[in-house]
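**Student:** missing the sequence, but the structure's below:
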Ligand code: SF4
């Protein structure tokens, strides 16, 4: 029978191939293994992001190779590079156009903190304009570091209260209609 500490369980008293689980476990498992990244390549870190998609590092092992260049079709913005004030508005607008649920990875020193560019033209961390879920250190971080960050993001998605949030959103929509 179901056990609070386990994500899936098998009940031998029920005939057939039946597995009992929690809604959260199923939703989070699906979401964490089908992340579609929005590659926000802004500077040199973007080259490492591209390398992560190549056969040597192969981000598709994690179901994340479907890089979308449309915010309507992506759910994880990977900010790779220096965020200037000129681009900050664009980054925020694209983030706003992405559908919920969505996540953000700040790849590299520049995206995380402004890096070496302590100047009037550079935003000192993309978390000033969008909520960041995972930071990747390095200048530039290697593709393995990005893969490590994506695995951490999967773990984070795995602990979300997805079912509760879905029910709350549906209830709000029913009340509003
Ligand atoms: S962190 Fe380094 S490699 Fe990445 S965008 Fe900034 S300067 Fe370039």
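**Tutor:** Yes, it's here. Nothing here was measured: the structure is a model prediction, and the numbers come from that model. Numbers count the residues shown, from 1 in each chain.

**Student:** in the chain, which spans are strands?
**Tutor:** 8-10, 19-21, 37-41, 76-80, 103-107, 134-136 (DSSP state E).

**Student:** any chance of those strands in JSON lines with mean pLDDT and distance to the ligand as columns?
**Tutor:** (C-beta placed from N, C-alpha, C; glycine too.) Listed next are the strands of the chain as JSON lines, based on pLDDT from 0 to 100; distance: least, Cβ to the nearest ligand atom, whole Å:
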{"stretch": "strand 8-10", "mean pLDDT": "65", "distance to the ligand": "40"}
{"stretch": "strand 19-21", "mean pLDDT": "79", "distance to the ligand": "41"}
{"stretch": "strand 37-41", "mean pLDDT": "95", "distance to the ligand": "9"}
{"stretch": "strand 76-80", "mean pLDDT": "97", "distance to the ligand": "7"}
{"stretch": "strand 103-107", "mean pLDDT": "97", "distance to the ligand": "7"}
{"stretch": "strand 134-136", "mean pLDDT": "97", "distance to the ligand": "9"}
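
**Student:** most tightly packed of the ones you listed?
**Tutor:** strand 76-80 (a mean of 28; mean count of other Cβ atoms under 10 Å).

**Student:** which helices and strands sit right next to it?
**Tutor:** strand 37-41, helix 45-53, helix 85-97, strand 103-107, helix 108-113 (3 or more Cβ pairs under 8 Å, 6 or more residues apart in numbering; DSSP states H and E).

**Student:** try it again with 6 Å
**Tutor:** Judged by 3 or more Cβ pairs under 6 Å, 6 or more residues apart in numbering; DSSP states H and E, strand 76-80 is in contact with strand 37-41, helix 45-53, strand 103-107.

**Student:** between those, which one is nearest to residue 23?
**Tutor:** Closest approach to residue 23 among these (Cβ to Cβ): strand 103-107, 19.9 Å.

**Student:** report the strands that pair with the closest one, each with its relative direction.
**Tutor:** strand 76-80 (parallel), strand 134-136 (parallel) (DSSP bridges).
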